[in-house]
Structures are given as structure tokens and as C-alpha cells.
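K.L.:
model the following, please.
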Amino acid sequence: MDTEQLNERGLKRRKEMFGQRICRAAHEGAGRIRPAAAADHQGYAYGDIWSRPGLPLKIRSLVMIGMMAASNHPAELRVHLRGALANAARRRKFAKCSCRSPYIAAFPPRCRPIMPRWRCWERRAEIRAARAGNSCRASGKVKMERRPAKKSAPRYRVIADVLLEEVGKGRYPPGSLLPTEAKLCKRFDASRHTVREALRVITQKGLITRRPRAGSLVIASEQPTVFTHSVGSLSEWLSYPNDTFRDTFEAKEILTGRELSLLLKCSADTRWYCISSIRRFHDLDMPLAWTDIYVDPKYAAVVKRRDHGRTPVHQQIEKMFGVVIGRAQLEIFPSAVSPKHARALKVEPHSPAMTIIRRYIGPRGDNFETTVTIHPENRYTFTMDLHREFKPFR
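P.N.:
Residues are numbered from 1 along each chain as shown. Just a heads-up that it's a prediction; the model follows:
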């Protein structure tokens, strides 16, 4: 076969692969500089090598894609990508070829040729969309928009909603047991993990309780109402009116005995600095309460402050010594006024009273202050404001 016939066959092959416009532009651009070399390249490469039998055209295209990507020739890679699509090569095949070749050839300088592959796909997608739009307008058909599918709820949520509805309608009344996990798995065709998650949701809503080997016991048909007491600070937790103050009677260091150590929850023979005082109103002679404040002896200097009788002692310790309160404990229980305190409180001995114990514990777990307050009957009311909220039942 002579050179002219090879050129004609090579030109035909290039047009089939790359299109007439690209072939003409490439031939004219190269022909101005080296006409003979361009003709030899077209005849030898596409008229002879690409037309030889034994190797499918799509395999040849994949080989060329790998070579162009590995040798970092993005312009040639873009051309051969179009040729691969024309030769019926699958996108997945030459995607693997072009993605793996940069790693073999030396990454990352060889990764730049991958980008033309994405641009080629985008261009083909635009052409297909335009053709589809023209065909719809020519036939008079309206192209329907594809709406995104609604996200369905998780499987365990669906199961939980069904069981909640059945409990609410009385299919499983309070006191009865829900079906076992095995039966629920068979009923809903779900895994054991999914059923357990559904039962966990129902448990948090306060409708059932679960125990090992006892099943799921229904305890309510509706979600119970939980009342919460929200406190923002210790002053809100237990505060006295602003027109009250502490009148200090005595302040000294003591050694706890057995009875006092049980009240303070400390070991016997523990040293405390005790500040005994009476809480009074400014305008009333009637005492409000008797207060014994037990602090660590190293914080005894708080009694010398000018605002000692009007500021909580734990705030004074925090300001003077930098002790941060980690947590606080509160105990309220009925008691009786001892003969020792009856005269100062102006009540009869052994009359009813309310005792409040507050413990202030530091970050390391050490109790640095304990306050014991005795309120005679009808002289103090503790009010708690509760807000209705829907929270997980515990």
C-alpha cells in the first residue's frame, strides 16, 4: 500500500475517532510547519498502526490514555479521551487507566492530566442534555423534572412509632408485656439491633421499662410529664431575703465528737472553725433561724470581713482564698429545737423545726464548709418553682 492510500485511510480513521473539525484543525496547524511530517504521522500512525488487525480500537485507546497521562501531555490526553469514547470504551475502564498511571509515573507531577477527563465528561453530558431538550421540543413532549426523593425515617424510628401508637390505643395496656425481641424481629422483618433501638426510644419516653429476662413492661400509655427545677447559681438554690443578716454570737475552733461527725459526715476528732450566729430581720425582733457554719480552720479569717454578716460565707471564702466550689449538697429534714437554742430563738424547747444542711465541696472533693441551719416552725418557707418540660424518662 502506497503512502497516499495510507494517508487516506489514516484520515478516515482520525475522523471516525476525533471528528472532522478536530482533524482539520490539527492537520492544518501541523501542515504549516512540517507538511511532510504531518502526512507521514497520519499515514503511519492511523493508516497503518491503528488499522492493524488483532487489537480492538478501544484497547488501543486505553493504551494511549495511559501513555498520555503518564507522560504528562494533557492536550493529547484530551484528544484521545474523545477517541476512546468514539471507540466504545467504557468510562469506568479508562477512568481506572488514567487514574493509576500518574501513581506509576511519579505522583504528584503526573496528576495534572487527569483533569481533562472530567471536562470531557462534562462536555458530553451538556451535549446529551441539549440533544434531549431539542428532541422533546420537536416531539411536543414536556420533560418532567426529577424531584429529589424524600428521606425516609430510620427503620428503628418507624418501628418505635408503630409500637407507641399501639400502646397509646390500648393494644398493650399498662401492666402488660410487649412482644419479645425475637417476635418483633419477625413481625417487622428487622434485625435485633434495630428492634433494640426502637425499644430504647420507647423507654426514654417513659412508656416501658426493660429488665433482663423479664421483658418490656408497659408502665404508661402516654408520655409522662416531668417537672424540672432550674437553678442558675447557689444564691438561687437557697437564698434569704435581702433584708436579713447574720448576728454572730461566737466563733471558735472545735474538735468534732461522734454525734457532730455523723451530722457533718466527717471522721471523729476533725478540727473545724465554728461560727455560731442568728439570722434576723432588720425591722423585726423575732429571730429567723440559728446557724452554725463549720469551715476549714485555714479560712477562719472570713469572720473579720465587714460584710461577714450579710454575704454568704462560701462567697467570702471564694473571694479571699480563691476556692472554687465544685459541687454543693442540700439536705432538708424535720427536727426539734434543742434546749440550747430554744431561748435564743424565742421558742419552747423541743418545739418543731426544720433543719437545712448545706455542704460546699471543692474540685478535689474536699468539704471546706458545712452550714447547719435550724428554722423554728412557721418562720421560714422554702419555695421551689417547677417548669413543665418533656424530657426522657429516667
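
K.L.:
gap between the residue nearest to Leu217 when sequence neighbours are not counted and Ser152?
P.N.:
Closest residue to Leu217 apart from its sequence neighbours, by Cβ to Cβ, 6 or more residues apart in numbering: Thr209 at 5.2 Å. In short, each C-beta sits where N, CA and C put it, glycine included. Noted for Thr209: a distance of 30 Å to Ser152, by Cβ to Cβ, to the nearest Å.

K.L.:
what's the neighbour count on the residue nearest to Leu217?
P.N.:
14 (other Cβ atoms under 10 Å).

K.L.:
which ones are touching it?
P.N.:
Contact analysis of Thr209 by Cβ atoms under 8 Å, 6 or more residues apart in numbering lists Thr203, Ser216, Leu217, Ile219.

K.L.:
rerun that using 10 Å as the cut-off
P.N.:
Contacts for Thr209 (Cβ atoms under 10 Å, 6 or more residues apart in numbering) come out as Thr203, Gly215, Ser216, Leu217, Val218, Ile219, Ala220, Phe393.

K.L.:
ends of stretch 314-330, what's the gap?
P.N.:
By Cα to Cα, to the nearest Å, the extent of stretch 314-330 from end to end equals 14 Å.

K.L.:
residues contacting that stretch, please?
P.N.:
Contacting residues not belonging to stretch 314-330 are listed as 234-235, 237-238, 265, 293, 295-296, 298-299, 301-305, 307-308, 311-312, 356-371, 382 [Cβ under 10 Å, 6+ apart].

K.L.:
so which of the residues you listed belong to strands?
P.N.:
Secondary-structure check on these using DSSP state E: residues within strands are 293, 295, 356-361, 367-371.

K.L.:
from those residues, keep the buried residues only.
P.N.:
Among the ones in strands among the contacts of stretch 314-330, the ones that count as buried by 16 or more other Cβ atoms under 10 Å are 293, 295, 356-361, 367-371.

K.L.:
of all those residues, which comes closest to Asp189?
P.N.:
Asp189 has its nearest neighbour among those in Ile361, at 52.9 Å by Cβ to Cβ.

K.L.:
dump the residue contacts of that closest one.
P.N.:
Counting by Cβ under 10 Å, 6+ apart, Ile361 makes contact with Ile325, Gly326, Arg327, Ala328, Gln329, Asn367, Phe368, Glu369, Thr370.

K.L.:
which strand or helix spans the fifth one?
P.N.:
Read it as Gln329. strand 327-336 (DSSP states H and E).

K.L.:
hmm, back to that, write the PyMOL selection for whichever of the contacts of Thr209 are buried.
P.N.:
In PyMOL, this line selects whichever of those come out buried by 16+ other Cβ under 10 Å:
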select buried, resi 203+215+216+217+218+393
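
K.L.:
list the buried residues in stretch 370-382.
P.N.:
Thr370, Thr371, Val372, Thr373, Ile374, His375, Pro376, Tyr380.

K.L.:
secondary structure class of the fourth one, three-state.
P.N.:
Recorded secondary structure, Thr373: strand (DSSP: H, G, I helix; E, B strand; the rest coil).

K.L.:
what pLDDT does it get?
P.N.:
pLDDT for Thr373: 94.

K.L.:
distance of Leu62 from Ala69?
P.N.:
Leu62 sits at a distance of 11 Å from Ala69 (criterion: Cβ to Cβ).

K.L.:
which one's more surrounded, these two?
P.N.:
Just comparing Leu62 and Ala69: by other Cβ under 10 Å the higher neighbour count belongs to Ala69, 30 against 21.

K.L.:
make TSV from the contacts of Ile361 and add distance to Tyr156 to it.
P.N.:
Shown next, in TSV, are these (distance: Cβ to Cβ, whole Å):
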residue	distance to Tyr156
Ile325	42
Gly326	38
Arg327	36
Ala328	40
Gln329	39
Asn367	45
Phe368	48
Glu369	48
Thr370	48
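
K.L.:
what's the most distant pair in those?
P.N.:
For the contacts of Ile361, the farthest-apart pair by Cβ to Cβ is Gly326 and Thr370; their separation is 14.7 Å.
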